[in-house]
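Asks: Compute the structure for the input listed below.
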Amino acid sequence: MKAINKDGFSIVFNHDGYKELSSFILNQNFNKILILTDENTKINCLDIFISNIKSINEKICEVFDSRVLNYSVKSGEHTKNIDSSLKIWKFLTESGFKRSDLIINLGGGMITDLGGFVASTFMRGIKFINVPTSLLAMVDASIGGKTGIDFKEVKNLIGVFEFAKISLIDLRFLKTLCKRQITSGYAEMIKHSLISDDSDWEKIRKIKSVKDISAEMIYESIKIKILIIEKDPFESGLRKYLNYGHTLGHAIESKVLGSEKELLHGESIAIGIILESYISYLKGGLGLELVKNIKTHIKKHFKTTEFVSADISKIIELLKFDKKNRDKEPMFVLLKGIGKPIIDQTVSEQEIREAFNFYKD
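Replies: Numbering: from 1, shown residues only. Below you'll find the model as predicted:
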């Protein structure tokens with residue numbers, strides 16, 4: 001897997017990626033380095049990461065033995081909030097971190113979102129590295145420069161655009177994940193294929209088990225996102241394509257957060273993809289047969305979640321907080337066809353309710 005180098009950021013892979021990261025750290029000569037983890041990645045990934053990078057050479061080994069601290073937070077989306085940010089800022093301050101130091105975010109999308117936000121705001125910006133350990137973070141959350149925390153039950157309401165200097169993707173971390181976490185990440189790969197072209201979708205829809213996801217498919221999914229964000233890094237137009245399935249998906253995720261129905265990010269996005277595909281059909285974009293195929297494929301991998309009328313009403317109410325809104329009007333990304341997204345589309349409440357009826361059947 002060849003490194004992807006762009007202005008301001010790089011995405012590196014596996015063993016060669018550790019070499020790149022080691023060179024970066026040694027060249028920058030950071031005085032202090034914080035590795036941010038959650039409870040799970042501290043147990044399952046921290047020692048592996050440190051062992052891999054210390055194996056590069058003696059100099060980086062000395063740095064990690066003398067300059068590295070770890071801070072760990074509770075796992076789960078409910079941790080991605082201002083309270084956690086305050087605690088990490090406090091730790092950084094009390095530990096003597098300066099603007100010239102480094103944060104390494106080792107974890108899934110929650111950690112790269114939270115750690116990126118904390119780094120981007122601490123002393124007006126401290127360099128950070130992302131080392132994603134989940135499939136979702138590898139193909140989506142850790143790349144692209146979006147950082148943020150949840151606020152007032154709304155997903156990613158507070159945040160900034162700031163790119164990690166390096167995102168190191170080590171596919172071996174996928175072995176630490178359960179099937180549910182792998183499947184969650186697969187939702188973003190489905191999204192990438194639908195906004196890309198027919199050939200990508202045809203490859204994706206042939207997957208019968210998430211065990212069949214190959215390194216090549218992960219790499220191709222990353223490249224689809226990079227191709228978009230390098231043309232529009234701050235989401236003024238083209239980058240909005242990446243929000244396909246996310247307008248309703250984020251509202252669903254916010255609605256069930258902290259409840260017995262709580263969903264992983266990718267599980268919510270999978271539902272959002274079905275809903276927004278059907279709305280695309282209602283708007284005269286996608287053919288109904290294709291929409292049915294999308295629903296069938298997603299439901300092979302994701303459990304169906306039940307939504308009663310009151311749930312749908314709350315989800316529709318949460319749409320008013322979406323960051324893509326124009327005034328109070330939610331703006332959707334819909335599809336005219338595979339690889340043909342259209343942005344800034346308005347959708348009626350009736351169309352949303354029809355889409356939920358289609359989803360449950």
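Asks: which residues of the stretch 201-350 of the chain score low on pLDDT?
Replies: In the prediction, the stretch 201-350 of the chain carries no residues with pLDDT under 70.
Asks: so how far is stretch 121-138 off the chain centroid?
Replies: 11 Å (Cα atoms, centre = their mean, to the nearest Å).
Asks: can you check stretch 311-318 too?
Replies: On Cα atoms, centre = their mean, the centre of stretch 311-318 falls 23 Å from that of its chain.
Asks: Could you do stretch 305-322 as well?
Replies: 22 Å.
Asks: For that stretch, buried residues please.
Replies: 305, 307, 311-312, 314-316, 318-319, 321-322 (16 or more other Cβ atoms under 10 Å). Yep, even glycine has a C-beta here, placed from its N, CA and C like the rest.
Asks: and which of these is nearest to Met123?
Replies: Distance to Met123 across the buried residues of stretch 305-322 (Cβ to Cβ) is lowest for Phe321, with 29.3 Å.
Asks: Spatially, what comes nearest to that closest one if we skip its sequence neighbours?
Replies: Sequence neighbours aside, Val154 is the residue nearest to Phe321 in space, at 4.3 Å (criterion: Cβ to Cβ, 6 or more residues apart in numbering).
Asks: what's the neighbour count on Ala251?
Replies: 26 (other Cβ atoms under 10 Å).
Asks: So it sits against Lys320, correct?
Replies: No - in this structure Ala251 lies outside contact range of Lys320 using Cβ atoms under 8 Å: 9.4 Å.
Asks: for the stretch 151-300 of the chain, what spans make up the helices?
Replies: Residue ranges of the helices in the stretch 151-300 of the chain, as given by DSSP state H, counting those that start in this stretch, are 179-196, 198-205, 215-229, 246-256, 265-282, 288-301.
Asks: before we move on, back to that, spit out the contact partners of the residue nearest to Phe321.
Replies: By Cβ atoms under 8 Å, 6 or more residues apart in numbering, the residues touching Val154 are 254, 318, 321.
Asks: What's the separation between it and Gly148?
Replies: Counting by Cβ to Cβ, to the nearest Å, the separation of Val154 from Gly148 is 10 Å.
Asks: how about the helices in the stretch 1-150 of the chain?
Replies: Listed in chain order, the helices found in the stretch 1-150 of the chain under DSSP H, counting those that start in this stretch are 14-28, 39-44, 46-54, 58-66, 82-94, 109-121, 135-136.
Asks: Is it possible to get CSV of the ones you listed that adds mean neighbour count, mean pLDDT and distance to Ile298?
Replies: Shown next, in CSV, are the helices of the stretch 1-150 of the chain (neighbours: other Cβ atoms under 10 Å; pLDDT from 0 to 100; distance: least, Cβ to Cβ, whole Å):
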stretch, mean neighbour count, mean pLDDT, distance to Ile298
helix 14-28, 17, 97, 30
helix 39-44, 18, 97, 26
helix 46-54, 17, 97, 32
helix 58-66, 13, 97, 42
helix 82-94, 15, 98, 31
helix 109-121, 27, 98, 19
helix 135-136, 28, 98, 15
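Asks: just so I know, which of those lies nearest Phe128?
Replies: helix 109-121 (3.8 Å).
Asks: Figure out how far stretch 111-122 is from the centre of its chain.
Replies: Distance, stretch centre to chain centre, for stretch 111-122: 14 Å (Cα atoms, centre = their mean).
Asks: okay, Gly145: pLDDT?
Replies: On pLDDT, Gly145 comes in at 94.
Asks: Check the contact between Ile50 and Phe64; I expect there is one.
Replies: Yes - using Cβ under 8 Å, Ile50 is in contact with Phe64, at 5.9 Å.
Asks: Can you work out which residues contact both of the two?
Replies: Common neighbours of Ile50 and Phe64 (Cβ under 8 Å, 6+ apart) do not exist.
Asks: Distance across stretch 136-151, terminal residue to terminal residue?
Replies: One end of stretch 136-151 sits 22 Å from the other (Cα to Cα, to the nearest Å).
Asks: one step back: please report the distance of the residue nearest to Phe321 from Asn243.
Replies: For Val154, the distance to Asn243 - Cβ to Cβ - is 15 Å.
Asks: ditto for Tyr18
Replies: Relative to Asn243, and taking Cβ to Cβ, Tyr18 is found at 33 Å.
Asks: Kindly report the same for Pro341.
Replies: Applying Cβ to Cβ, the value for Pro341 to Asn243 is 9 Å.
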